[in-house]
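Colleague: need coordinates for the following:
(one chain, ligands or ions: 1)
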Amino acid sequence: MTGSIPTIDLSLLESPEGHAAASRDVLHAMEHVGFLAIKNIPGYDERRLLEAAKWFFDSPLEDKLKIGKRRFNPKQPNIYKGYFPCQPAANESKTTSYKEGLDIGIDVPAELQHQLPPWPLKHLYEPNLLPQADTPESVAFSKTLSDHLAVVQRASHAIMSVLAVGLGLPSDYFLPLFEPLPLSTLRLIHYPYRPPAAADTSAEAAATEGEPVLHCSEHTDSGFLTILATFDFKGLQILTGDGRWVDVPPRPDVLVVNIGDTLAKLSGGRFKATRHRVVDLRQERYSVPFFYEPRYDVDISKPFTHRPLQAEGEASPKSHGGSPPRTLLAVPRMSDHLLAHPQKTPPFPHLPSEWYGVWLLGKIKEFVEYGDVLETVETESDGSCELPPAAMMADA
Ligand SMILES: O=C(O)CCC(=O)C(=O)O
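Modeller: Below you'll find the predicted structure:
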């Protein structure tokens, strides 16, 4: 089945009327669907991004492994950022993940190094691993990634400012939760063509029981927002409130946005972190999600505001009228998976368990590509993860 998700035209945000209408639409989508789409995204170059992804994943495995995470390249110290190859086997929770990928985040500038968190959270800010800048193609690749990172960061700020205004808050209300060291990740993904016989046994068994073979099992994302490029590839599906899986069809130059666990949790369950998955349509597929994530030390144990909010359907604080005020806490609207099954926080006695970064280390264990991260840090002793500068790592 094909579903339609609301689309926000970012070019309309310039005018006060456009901003107010977008605020209304974003609030409605976040409360009822958990997914929306954005179009007219300043600077977004879909073709260039897809070409870059294809260039990287087409290169020989041994080249990609040069910037692999430590699990795949023992010469590299990174355990969080970098390249990971396909891992067809299911992990302990039997989730499927048939993809290879490259994770990058912000490069922490020298003047902010002293603000990095202690072990083990320091791992989450590892230097990026990118192909050595020794050909015009590799230089162009890195430039495309950093340009796209800037585009989706700006789009995330725009959506959060529209959301804040919709909630009757100042437009920059959420910014301090991200600056100066957001934990955001940009990920390039390649799902290779997988002939039926090559699909892992659990996936094939599921298929014979009427369930589709999956490239990526159902899950929710961790952070505030995800901004996803799917190019013209089908396969993304979201789970509706009444338990049906519906397709999110690709549209040219449009990015898909969804809410992550943290925004759902901080909204007291008012906004939805909708479960989604990727179906294997027996074709090669590329996608590029950007996970917009707060600073490591944001307290995610309490809803972010108890301030009165405008009533549903009202566009801006000015139109508040005589409607009864609501609070985020007062709207326990949906039985969000996260609220029903709170994530176990790993025990790091020297760190507050309410911190986003601490919770994240526990959450990512459910994803095959991060399956080893928590185990690895638990076997380290405090201070054993001193990282060399990025320039040294590129040569490893
Ligand atoms: O590949 C896609 O379209 C979605 C990927 C996804 O859901 C994820 O990486 O969290």
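Colleague: name the residues of stretch 171-190 that are buried.
Modeller: Buried positions in stretch 171-190, judged by neighbour count with 16 or more other Cβ atoms under 10 Å: 171, 173-174, 177-178, 181-190. No exception for glycine: its C-beta is placed from N, CA and C like everyone else's.
Colleague: state the mean pLDDT of it.
Modeller: Average pLDDT, stretch 171-190: 95.
Colleague: what do you get for stretch 245-254?
Modeller: 95.
Colleague: distance from it to the middle of the chain?
Modeller: 17 Å (Cα atoms, centre = their mean, to the nearest Å).
Colleague: one step back: just the buried residues of stretch 171-190 now: which is nearest residue 152?
Modeller: Set against residue 152, the nearest of the buried residues of stretch 171-190 by Cβ to Cβ is residue 186 (7.0 Å).
Colleague: give me the three-state assignment for the closest one.
Modeller: Look at residue 186: counting by DSSP: H, G, I helix; E, B strand; the rest coil, its state is strand.
Colleague: surely it is in contact with residue 292?
Modeller: No - if you go by Cβ atoms under 8 Å, residue 186 and residue 292 don't touch, sitting 9.9 Å apart.
Colleague: shared neighbours, those two?
Modeller: residue 152 (Cβ atoms under 8 Å, 6 or more residues apart in numbering).
Colleague: give me the subset of the buried residues of stretch 171-190 touching the ligand.
Modeller: For the ligand, the contacts drawn from these by Cβ under 6 Å from any ligand atom are residue 189.
Colleague: quick check, nearest of the buried residues of stretch 171-190 to the ligand?
Modeller: residue 189 (5.3 Å; Cβ to the nearest ligand atom).
Colleague: now do the helix or strand containing residue 287: distance to the chain's middle.
Modeller: According to DSSP states H and E, residue 287 maps onto strand 285-292. Between the centre of strand 285-292 and the centre of its host chain there is 7 Å, according to Cα atoms, centre = their mean.
Colleague: ditto for stretch 22-29
Modeller: For stretch 22-29, the distance to the chain centre is 20 Å (Cα atoms, centre = their mean).
Colleague: now do the buried residues in it.
Modeller: In stretch 22-29, counting by 16+ other Cβ under 10 Å, buried: 22-27, 29.
Colleague: adding pLDDT and distance to residue 151, write those out as a markdown table.
Modeller: Listed next are these as a markdown table, based on pLDDT from 0 to 100; distance: Cβ to Cβ, whole Å:
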| residue | pLDDT | distance to residue 151 |
| --- | --- | --- |
| 22 | 91 | 18 |
| 23 | 92 | 22 |
| 24 | 91 | 25 |
| 25 | 91 | 21 |
| 26 | 92 | 18 |
| 27 | 92 | 24 |
| 29 | 91 | 21 |
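Colleague: number of residues surrounding the residue in the stretch 1-150 of the chain that the ligand sits nearest to?
Modeller: Relative to the ligand, the nearest point of the stretch 1-150 of the chain is residue 99 (7.6 Å; Cβ to the nearest ligand atom). Residue 99 is flanked by 23 other residues according to other Cβ atoms under 10 Å.
Colleague: ok, now how distant is it from residue 57?
Modeller: 10 Å (Cβ to Cβ, to the nearest Å).
Colleague: what residues do the two have in common as contacts?
Modeller: What both residue 99 and residue 57 touch, as defined by Cβ under 8 Å, 6+ apart, is the set residue 190.
Colleague: give the bridge partners for the closest residue to the ligand within the stretch 151-300 of the chain, please.
Modeller: Nearest to the ligand, among the residues of the stretch 151-300 of the chain, is residue 287, at 3.3 Å (Cβ to the nearest ligand atom). Beta bridges link residue 287 to residue 189, judged by DSSP bridges.
Colleague: what about it, neighbour count?
Modeller: Residues near residue 287, counting by other Cβ under 10 Å: 25.
Colleague: again, but for residue 252
Modeller: Neighbour tally, residue 252, other Cβ under 10 Å: 9.
Colleague: swap in the one 3 residues further on?
Modeller: Taking other Cβ under 10 Å as the criterion, the count of residues near residue 255 is 24.
Colleague: run through the bridge partners of it.
Modeller: Bridge pairing for residue 255 - DSSP bridges - gives residue 38.
Colleague: so how far is residue 228 from the residue of the stretch 1-150 of the chain closest to the ligand?
Modeller: Taking Cβ to Cβ, one finds residue 99 at 14 Å from residue 228.
Colleague: list, one by one, the residues from the stretch 251-396 of the chain near the ligand.
Modeller: 276, 278, 287, 289.
Colleague: 8 Å - rerun?
Modeller: 256, 276-278, 285, 287, 289, 291, 367 (Cβ under 8 Å from any ligand atom).
Colleague: from those, which is closest to residue 69?
Modeller: For those, the nearest to residue 69 is residue 367 (12.8 Å; Cβ to Cβ).
Colleague: doesn't residue 97 make contact with the closest one?
Modeller: Yes - Residue 367 is in contact with residue 97 according to Cβ under 8 Å; the separation is 7.0 Å.
Colleague: out of these two, which sits in the more crowded spot?
Modeller: Comparing residue 367 with residue 97 by other Cβ under 10 Å, the one with more neighbours is residue 97, at 25 against 17.
Colleague: okay, and the beta partners of that one?
Modeller: With DSSP bridges as the criterion, residue 97 is bridged to residue 216.
Colleague: renumber starting at 50 from here on
Modeller: Okay, using 50 as the starting number, the last item reads as residue 146.
Colleague: what's near enough to touch it?
Modeller: Contacts of residue 146 (Cβ under 8 Å, 6+ apart): 136, 140, 264-266, 416-418.
Colleague: which two among these are spaced furthest apart?
Modeller: Farthest pair in these, by Cβ to Cβ: 140 and 264, 14.8 Å.
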